[in-house]
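A.B. asks: Provided below are the primary sequence and the corresponding predicted coordinates.
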Amino acid sequence: MSISVKKITGLVAATFTPLTAEGEINLSVIGPYIEYLVEKQDVKSVFINGTTGEGCSLTVDERKQLAAAWCQHGKGKLEQVIVHVGCLSIKDSQELARHAASIGADGIAVVSPSYFIPINADALKSFIKEVSAFAPELPMYYYHIPSMTGVAFDAADVLNGIEQVIPSFQGVKYTGTDLRDLGQCVHYCQARGWSVLFGVDEQLLGAFVLGADGAVGSTYNYFGRVVNQLLAAFDNGNHMQARALQFKSMEMITFAKNLGFDVAVNKQVMSEVSGLAMGPPRLPLLPCPLSKAQAIAQKIKDFSQGH
Ligand SMILES: CC(=O)N[C@H](C=O)[C@@H](O)[C@H](O)[C@H](O)CO
Ligand SMILES: CC(=O)C(=O)O
């Protein structure tokens, strides 16, 4: 079987999930959110319900409503809407995969289960296969994020031979810092026309040197314009300029991390920079003083000046 696939390139925003002050999903923000990404950040693809989107803290029904809203509002405006369908229950993941296909999503991605963790790459391949079987016509991406899932084997081992069991497999979102494993993923994916998307925003340039096709990250929501210039400089062979821009992103993220940069702070930073109301996190995480998010937002605004 072959499926028609547009390769994913450039920056992909790992979107936040807007909630009301009462903690319910706020679909009315999705339309303005898309306008903001396209017009203000020059970012035209999204990865929804992932880590940044708190996908694992939402109900299946909420995730479906969000996916439908992103696909509906994104039509004609966004290049790709990738729906993350990872859950602890394989049946929930299968249902989300089936739903993503029914609403015209451009692809699906899945993380490894993280409570009962697959003991080896073959076990994880079986899991991904059983999810993709519910959306066989949709490109499937493996979302490698060992710091969150606890998976103890290489992504390259998951990719090896996967096309024989999953015909719709199209690549990997790599959120890790092992450049040898990443390089092996690029080597394997390039030979098959698949996409490698990097997910550690502060190290993006290194991944592009190794041949990554694009990047999925939270900071592209509000720093995408600057990072797009980094990619343009890299494409033009202007490595000094690319490096200078990577150092800006690194400095911004280090500043944020030193203040305690969890998903709740990050979400508030997005509200401050974009003016869109993202609301609180879903889980009762530690309260985040507004002053922290404002300090980070100010840094982002200073660093974005002139870009
Ligand atoms: C663990 C996590 O959420 N990683 C995000 C994407 O994979 C990144 O976009 C980070 O938020 C970013 O690199 C800042 O550390
Ligand atoms: C960054 C990313 O890919 C996520 O939030 O899922």
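C.D. replies: Alright, I've got the coordinates. Computed from a predicted model, the values in this text were never measured in an experiment. Ligands and ions are numbered 1, 2, ... in the order given.

A.B. asks: OK, contacts around I82?
C.D. replies: 8, 12, 45-48, 105-109, 141, 216 (C-beta atoms under 8 Å, 6 or more residues apart in numbering). All C-beta atoms are positioned from the backbone trio N, CA, C, and that covers glycine.

A.B. asks: can I get those residues in a markdown table with pLDDT and secondary structure?
C.D. replies: Shown next, in a markdown table, are the contacts of I82 (pLDDT from 0 to 100; DSSP: H, G, I helix; E, B strand; the rest coil):
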| residue | pLDDT | secondary structure |
| --- | --- | --- |
| I8 | 96 | coil |
| V12 | 98 | strand |
| S45 | 98 | strand |
| V46 | 98 | strand |
| F47 | 99 | strand |
| I48 | 98 | strand |
| A105 | 98 | coil |
| D106 | 98 | coil |
| G107 | 98 | strand |
| I108 | 98 | strand |
| A109 | 99 | strand |
| Y141 | 98 | strand |
| V216 | 98 | strand |
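
A.B. asks: widest-spaced pair of those?
C.D. replies: A105 and V216 (14.9 Å; C-beta to C-beta).

A.B. asks: okay, those two: which has more neighbours?
C.D. replies: Each of A105 and V216 had its neighbours counted (other C-beta atoms under 10 Å), and the higher figure belongs to V216 (28 against 25).

A.B. asks: wait, doesn't that one sit right on T15?
C.D. replies: No. Under the criterion of C-beta atoms under 8 Å, V216 is not in contact with T15, lying 10.1 Å apart.

A.B. asks: give me the common contacts of those two.
C.D. replies: 47, 50.

A.B. asks: so which residues on the stretch 1-150 of the chain come close to ligand 1?
C.D. replies: Within the stretch 1-150 of the chain, the positions adjacent to ligand 1 are 14, 51-52 by C-beta under 6 Å from any ligand atom.

A.B. asks: between the residues you listed, which is nearest N160?
C.D. replies: T51 (25.0 Å).

A.B. asks: now do the contacts for the closest one.
C.D. replies: 14, 145, 148, 175, 218, 263.

A.B. asks: tell me how far the last one lies from ligand 2.
C.D. replies: The gap separating V263 from ligand 2 is 8 Å, by C-beta to the nearest ligand atom, to the nearest Å.

A.B. asks: now do the contacts for that residue.
C.D. replies: Counted by C-beta under 8 Å, 6+ apart, V263 has contacts 51-52, 54, 281, 285.

A.B. asks: if we use 10 Å, what do you get?
C.D. replies: Counting by C-beta atoms under 10 Å, 6 or more residues apart in numbering, V263 touches 16-17, 51-54, 57, 218, 281-283, 285, 288.
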